[in-house]
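>>> Fold the following, please.
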Amino acid sequence: MSSLSHIDEQGQPSMVDVSAKAVTTRTAIAEGFVHFPEAVYEQLAGQNFLTKKGAVFQTAIIAGVMAAKKTSDIIPLCHPLALSTCKIDIEPAPDFSLKVTCLVRCEGKTGVEMEALTGVSAAALTIYDMCKALTHDISITDIRLVQKTGGKSDQYAAQ
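So this is what the prediction gives:
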């Protein structure tokens, strides 16, 4: 069993030292789902996901990108990264839900998994915020890393 990388020999939190790592292209894709009651989903879809607060998808996309860029500000031991790209995609999914996907890429010494997960989370939370006037019976589920490339382990794909 491997040890936790963010705990030092004394058991204290520690930012991982990446100074000896090689710079490589790092990519991560994360996804999550926002579930609605059927009637609310149908209402939102009927009005192209426009609410009194504005355009749901466009606002969520901007929020997701902004959050991914600021991941190290909210996750204490994450390294600040200069992202090369961050793309948020929102599409209808089965069972009256929306699938939120975030792809993040950078040239760096550490991975971008947390940035992709943060982007999905913020976009999903923004969808909730934009739609909560219609119902609070909205759930955000199954946020997970789908794929990553680059670095020591190079490849990961969710099963």
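
>>> Please, where are all the helices along the protein?
38-46, 56-69, 71-74, 113-131 (DSSP state H).

>>> and residue 85, which of these is closest to it?
helix 56-69 (9.5 Å; CB to CB). All C-beta atoms are positioned from the backbone trio N, CA, C, and that covers glycine.

>>> Check which residues of the closest one are buried.
56-57, 59-61, 63-65, 67-69 (16 or more other CB atoms under 10 Å).

>>> name the helices or strands packed onto that helix?
strand 83-93, strand 97-108, helix 113-131 (3 or more CB pairs under 8 Å, 6 or more residues apart in numbering; DSSP states H and E).

>>> just checking, residue 24 touches residue 150?
Yes. Between residue 24 and residue 150 there is a contact under CB atoms under 8 Å: 4.6 Å.

>>> about what we covered before: kindly reformat the helices and strands packed on helix 56-69 as CSV containing mean neighbour count and distance to residue 50.
Shown next, in CSV, are the helices and strands packed on helix 56-69 (neighbours: other CB atoms under 10 Å; distance: least, CB to CB, whole Å):
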stretch, mean neighbour count, distance to residue 50
strand 83-93, 16, 14
strand 97-108, 23, 14
helix 113-131, 24, 9
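
>>> Export these as CSV, with columns for mean pLDDT and distance to residue 40.
Formatted as CSV, the helices and strands packed on helix 56-69 follow (pLDDT from 0 to 100; distance: least, CB to CB, whole Å):
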stretch, mean pLDDT, distance to residue 40
strand 83-93, 98, 14
strand 97-108, 97, 11
helix 113-131, 98, 7
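
>>> out of these, nearest to residue 19?
strand 97-108 (12.1 Å).

>>> that older thread, and residue 24 and residue 150? Which one has more around it.
Set side by side, residue 24 and residue 150 show more neighbours around residue 150, with 22 against 17, by other CB atoms under 10 Å.

>>> Put together JSON lines for the buried residues of helix 56-69, with distance to residue 112 and pLDDT on each row.
Shown next, in JSON lines, are the buried residues of helix 56-69 (distance: CB to CB, whole Å; pLDDT from 0 to 100):
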{"residue": "56", "distance to residue 112": "26", "pLDDT": "98"}
{"residue": "57", "distance to residue 112": "23", "pLDDT": "98"}
{"residue": "59", "distance to residue 112": "23", "pLDDT": "98"}
{"residue": "60", "distance to residue 112": "20", "pLDDT": "98"}
{"residue": "61", "distance to residue 112": "18", "pLDDT": "98"}
{"residue": "63", "distance to residue 112": "18", "pLDDT": "98"}
{"residue": "64", "distance to residue 112": "14", "pLDDT": "98"}
{"residue": "65", "distance to residue 112": "13", "pLDDT": "98"}
{"residue": "67", "distance to residue 112": "13", "pLDDT": "98"}
{"residue": "68", "distance to residue 112": "8", "pLDDT": "98"}
{"residue": "69", "distance to residue 112": "11", "pLDDT": "98"}
